[in-house]
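Visitor: need a structure here:
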Amino acid sequence: MKVVVVLCFCLLAFGLLTTVGAADVCRFGERWRCGSADCEKKCDTLTSTTECTEPCTDGCYCEPGFVRVAVGICSPQFVCRYKNGSPRRVYA
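Guide: Residues are numbered from 1 along each chain as shown. Model prediction:
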């Protein structure tokens, strides 16, 4: 009887761990969804109205109102107004 209980517990624990491990934890400003890294908004493509035609894959992508910046993180869109920390310089 003890063996059956231990075996059931191990199977349950394994199932929970593999389910939790399947979905990656996204960083701040990101959300797990179906999207394409090539179609994510960046400062230089922020005003683009081109429709994304890339295949959709599950992953962490920037939330609405955020852009992928050079260091690979999602930042609020207002950072695109600044370059080198100076508010007088604007990204082209």
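Visitor: Surely residue 69 touches residue 41?
Guide: No - the pair residue 69 and residue 41 fails to qualify as a contact (C-beta atoms under 8 Å) at a distance of 10.5 Å. The way it works is simple: take the backbone N, C-alpha and C, and place the C-beta from them, glycine included.
Visitor: and the two? which has more neighbours close in?
Guide: The neighbour comparison of residue 69 against residue 41 (other C-beta atoms under 10 Å) goes to residue 41, with 19 against 16.
Visitor: what about that one, distance to residue 63?
Guide: According to C-beta to C-beta, to the nearest Å, residue 41 stands 10 Å off from residue 63.
Visitor: Low-confidence bits of the protein, can you list those?
Guide: For the chain, the stretches with pLDDT under 70 are 1-23, 83-92.
Visitor: make it 90
Guide: 1-24, 38, 44-52, 70-71, 81-92 (pLDDT under 90).
Visitor: mind listing the helices for it?
Guide: In the chain, the helices defined using DSSP state H lie at 2-22.
Visitor: Wait, residue 52 touches residue 36, no?
Guide: Yes - with contact defined as C-beta under 8 Å, residue 52 counts as touching residue 36 (5.9 Å).
Visitor: where along the chain do the strands fall?
Guide: For the chain, the strands defined by DSSP state E occupy 30-35, 57-62, 66-68, 74-76.
Visitor: strands paired with the third one, and their directions?
Guide: Paired with strand 66-68 in the same sheet, following DSSP bridges, are strand 74-76 (antiparallel).
Visitor: which residues sit against the strand it pairs with?
Guide: For strand 74-76, contacts defined as C-beta atoms under 8 Å, 6 or more residues apart in numbering pick out 27, 28, 29, 30, 62, 63, 65, 66, 67, 68, 69.
Visitor: Flag every buried residue along that strand.
Guide: 74, 75 (16 or more other C-beta atoms under 10 Å).
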